[in-house]
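fold the following, please.
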Amino acid sequence: MEKIEFKELVELGLTEQDAIQMFETMVRARKIDERMWKLNRAGKIPFLVSCQGQEAAQVGAAFALEKGTDYILPYYRDLGVVLHFGQTSRDIMLSAFAKAEDPNSGGRQMPGHYGSRALNIVTGSSPVTTQVPHAVGIALAAKMRREPLVAYVSFGEGSSNQGDFHEGANFAGIHKLPVILFCENNKYAISTPLSKQLSAKHVADRAIGYGMPGVTIDGIDPLAVYKAVKEARERGLRGEGPTLIEVEVERLVPHSSDDDDKSYRSAEELAELKTRDGVKLFREKLIQMGVLTEETAQELETKLEQEVDEATAYAEAAAYDAPENALRYVYDEGETK
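Take a look at the predicted model:
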């Protein structure tokens, strides 16, 4: 096939290698997630909340941020974001198995509560949306210190109905803080459909009430998401304040490993979701444009499958923390780690 000029990459300032890295991160997230479902069904890990269907939006957003400078406050589905920021397949598996080496919490937190001081990943709390005011606080500190960074915070559309979201967005808008409010709208708050969550057409429609721009993007297109987040970051660094970005994505699987979405989604709806799988569509796009071939795509997928195999084996064999350490990190022990 004759190579088609990838004008989108040129316009966005990206290279073909950038696009391949995006795809690789998307596939890595998918492979890890698929493996965790198998482990859960085999009784080897207790729980997971899936990212499947949202990888394209997550990776597109993450690539528009500055690693080592910006702070990310991801919600529990943001596997693609934390992988780009430096967490590894092994890190994720250690967390899933709740082993002592888990870099997020030493096996103490449920999976999906990502955290790393070294990687500027701020851990979240189990009550949804608490990360929004935290991100706004980080953005306020950055503004007061005149530090050129932004805070990225993600959440689902269900979380946009929580008080934490409204208070954080309002404060950010008033003080023109460099924060990106990133709503991953998968159309279900567990089992509650979008039509019963908000009366507006889009979550982004709420932005005007906080004095900030709001945009709605097709979340299965990582390049469109990259463009929107890049513009929001530049806007924040110029002192123009926050941006609310809503990405429309699909939740390809149940809410969590404890959910059965067949009880509230029709077979037709579930079948239709497969036509909007961002990982598969981006793969097809890169092949059509000559950035990848079917052979190189398969080689990459095989390599990542082996990586996940190795990470799984390592994590499963790793040690649990000692019982006497159960209260470690709960009370101040004078440590500075």
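
the helix or strand where Val225 lies: how far from the chain's middle?
Following DSSP states H and E, the helix or strand that holds Val225 is helix 222-237. Taking C-alpha atoms, centre = their mean, to the nearest Å, one finds helix 222-237 lying 15 Å from the centre of the chain it belongs to.

what angle do the helix or strand just after it and helix 222-237 make?
Along the chain past helix 222-237, the next helix or strand (assigned with DSSP H and E) turns out to be strand 243-248. Between strand 243-248 and helix 222-237, the angle formed by their directions is 170 degrees, by axes from the mean of the first three to the mean of the last three C-alpha atoms, to 10 degrees.

quick revisit: pull out the buried residues from the helix holding Val225.
Neighbour-count burial for helix 222-237, with 16 or more other C-beta atoms under 10 Å as criterion, is recorded at 222-230, 232-233, 235-236. C-beta here means a position set from N, CA and C on the backbone, and glycine is covered the same way.

looking at those, which is nearest Val253?
Compare each of the buried residues of helix 222-237 with Val253 using C-beta to C-beta and the shortest gap goes to Pro222, at 19.6 Å.

contacts only, for the closest one.
In this structure, Pro222 makes contact with 22, 26, 56-57, 59-60, 63, 278, 282, judged by C-beta atoms under 8 Å, 6 or more residues apart in numbering.

including neighbour count and secondary structure, could those go into TSV?
As requested, those are exported to TSV (neighbours: other C-beta atoms under 10 Å; DSSP: H, G, I helix; E, B strand; the rest coil):
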residue	neighbour count	secondary structure
Met22	24	helix
Met26	26	helix
Ala56	32	helix
Ala57	37	helix
Val59	30	helix
Gly60	30	helix
Phe63	24	helix
Gly278	28	helix
Phe282	24	helix
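
show me which pair in those residues is furthest apart.
Once C-beta to C-beta is applied, those give Phe63 and Gly278 as the farthest pair, at 13.9 Å.

residue ranges in this structure under the pLDDT threshold?
Counting by pLDDT under 70, the low-confidence segments of the chain come to 1-6, 335-337.

which residue is nearest the centroid of it?
When C-alpha atoms, centre = their mean is applied to the chain, the residue found nearest the centroid is Asp78 (2.2 Å).

tell me the contacts of that one?
The contact partners of Asp78, by C-beta under 8 Å, 6+ apart, come to 51, 58, 72, 114, 154, 184.

check which helix or strand covers the first one.
Secondary structure assignment for Cys51, by DSSP H and E: no helix or strand.

close enough to count as contact, it and Val82?
No: shown here, Cys51 and Val82 do not form a contact pair, counting by C-beta atoms under 8 Å, at 10.0 Å.

more neighbours, the two?
With other C-beta atoms under 10 Å as the criterion, Cys51 and Val82 differ in neighbour count, and Cys51 comes out ahead with 28 against 24.

name the nearest residue to the more buried one, ignoring sequence neighbours.
By the measure of C-beta to C-beta, 6 or more residues apart in numbering, the closest residue to Cys51 outside its immediate chain neighbours is Leu79, 4.2 Å from it.

Ala232 now?
In space, Ala232 comes closest to Thr243 once its chain neighbours are excluded; the distance is 3.7 Å by C-beta to C-beta, 6+ apart.

what's the separation between the one you found and Val150?
Computed as C-beta to C-beta, to the nearest Å, the Thr243 to Val150 distance reads 9 Å.
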